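*Asks:* Pasted the sequence and its predicted model underneath.
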Amino acid sequence: MIQELLFRAAYGRVNRAGPCGDRALRLTGQGVLLTGALALRNLPAAGIVAALRSRLSGPTMVYWVKRNRRALWLLGRADTALARIDAAIHRADAISHPHSQAYGCYYASILHALRGEFLTAHRYAERCLALSEEHGFRQWRGLARAVRGISATFLDPTSAALAEIQTAMNEYRDAGYQLGITALHVLLSPALLSSHQCEATLELIEQGLATTSLNSERIFEAELYRLKARVLLFRGVPEAGTEAQSLLDQALTTARRQHAKALELRVAMDLAGLWFDQGRREEALDLLAPIYAGFTEGFETQDLKQTKALLDRLQ
């Protein structure tokens, strides 16, 4: 019950006037909630978690460590995020709490997928799925199946995992769940695009953007705009460059407003690549170089390796 209330509070879905809202407010103390507006626009997650730590313990503490992990990745602290999720899973294992173990493994799979480490993501998704099937965790079962399928597709593009992914996501939505699903949209979209399924990719992205409006889950809003721009450029239709530029500008503004350095870097990399192709090398370098210079960790992740390679070309 506590974890469910905190989960709802984390995405700003608790009704302040209802009994669940009052209970969640008491749990977090003085009404300090990790709301969608606060966490996803300003992202002061580390400070909020630090303030809450003294009030939380056991499975609930494991929960907040995991929530903090995703904020850390967005803030550009990919290695710290990894260390935190590893510690959270170790804690969940130490107290033998199956739901915390499943929850930790799911978010570890998401983190590793975002880092481009799909073999490790697949392994954590498998463990989450096994725990979910054993203990009847319906929400994690569908999500874990989806991440397992996405990881399998990246590891082997010839696999037939895409159908399983769609089935898993439909199962999750049909069960009445909405929270947390935009992470799957941003992970699945590149897999669909790589198989030249442009219309399916656009449909998925639009579903993700609709979800951000429906439940204020704006954590990956900038990434959805960026991915939509990539689809338009991939299709190569007339005026695609103009519309893609507008979407990338919107993505960059959104990422900066949210202080989401990881997403800002991805957008800047796409913009720099577009400008380089247009002969605007110096502008591309001026945009990308200072953003890359702002990172102090995560240099072994796929994003930073690709950025470094692009910077070498621009210089």
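*Replies:* Received, thanks.
*Asks:* Leaving out the residues flanking it, which one is nearest to Pro98?
*Replies:* Excluding its sequence neighbours, the residue lying closest to Pro98 (Cβ to Cβ, 6 or more residues apart in numbering) is His135, at 4.8 Å. C-betas here are computed from N, CA, C, even on glycine.
*Asks:* Does that neighbour touch Tyr103 like I think?
*Replies:* No - with contact defined as Cβ atoms under 8 Å, His135 does not reach Tyr103; the gap is 11.4 Å.
*Asks:* Between these two, tell me which one has more neighbours.
*Replies:* Tyr103 (27 against 13; other Cβ atoms under 10 Å).
*Asks:* got a list of what the residue nearest to Pro98 touches?
*Replies:* Residues near His135 by Cβ atoms under 8 Å, 6 or more residues apart in numbering: 98-99, 102.
*Asks:* Ala125 now?
*Replies:* Counting by Cβ under 8 Å, 6+ apart, Ala125 has contacts 105-106, 109, 144-145, 147-148, 151.
*Asks:* how far away is the residue nearest to Pro98 from His90?
*Replies:* 19 Å (Cβ to Cβ, to the nearest Å).
*Asks:* what do you get for Leu82?
*Replies:* Per Cβ to Cβ, Leu82 is found 13 Å from His90.
*Asks:* Comparing those two, which residue is more hemmed in?
*Replies:* Leu82 (22 against 11).
*Asks:* mind checking how far the more buried one is from Tyr124?
*Replies:* Counting by Cβ to Cβ, the gap from Leu82 to Tyr124 is 12 Å.
*Asks:* buried set for the helix or strand containing Leu248?
*Replies:* In this structure, Leu248 is located in helix 240-257 according to DSSP states H and E. Using 16 or more other Cβ atoms under 10 Å as the test for burial, helix 240-257 gives 241, 244-245, 247-248, 250-252, 254-257.
*Asks:* which stretches of this structure aren't confidently modelled?
*Replies:* Residues of the chain meeting the criterion pLDDT under 70: 1-70, 175-178.
*Asks:* Tell me how it divides into domains.
*Replies:* Here the domain assignment for the chain is 97-214, 220-315, based on automatic domain parsing.
*Asks:* Tell me which of the ones you listed lies nearest to Leu75.
*Replies:* Closest to Leu75 of those, according to Cβ to Cβ: domain 220-315, at 5.8 Å.
*Asks:* how much space is there between the residue nearest to the spatial centre of the chain and Thr242?
*Replies:* Residue closest to the average C-alpha location in the chain (Cα atoms, centre = their mean): Ala183, at 4.2 Å. Ala183 is 30 Å from Thr242, where distance means Cβ to Cβ.
*Asks:* cool, Thr211 as well?
*Replies:* 27 Å.
*Asks:* Quick check, Thr254 in contact with Phe220.
*Replies:* No - under the criterion of Cβ under 8 Å, Thr254 makes no contact with Phe220, lying 10.0 Å away.
*Asks:* Please enumerate the shared neighbours of these two.
*Replies:* Leu263.
*Asks:* Leaving out the residues flanking it, which one is nearest to Ile89?
*Replies:* Take Ile89 and drop its neighbours on the chain: the residue closest to it by Cβ to Cβ, 6+ apart is Gly104, 4.1 Å away.
*Asks:* Point out the other helices and strands that the helix or strand containing the one you found packs with.
*Replies:* Element membership for Gly104, per DSSP H and E: helix 98-114. In terms of contacts (3 or more Cβ pairs under 8 Å, 6 or more residues apart in numbering; DSSP states H and E), helix 98-114 is packed against helix 58-74, helix 78-94, helix 118-135, helix 138-155, helix 182-194.
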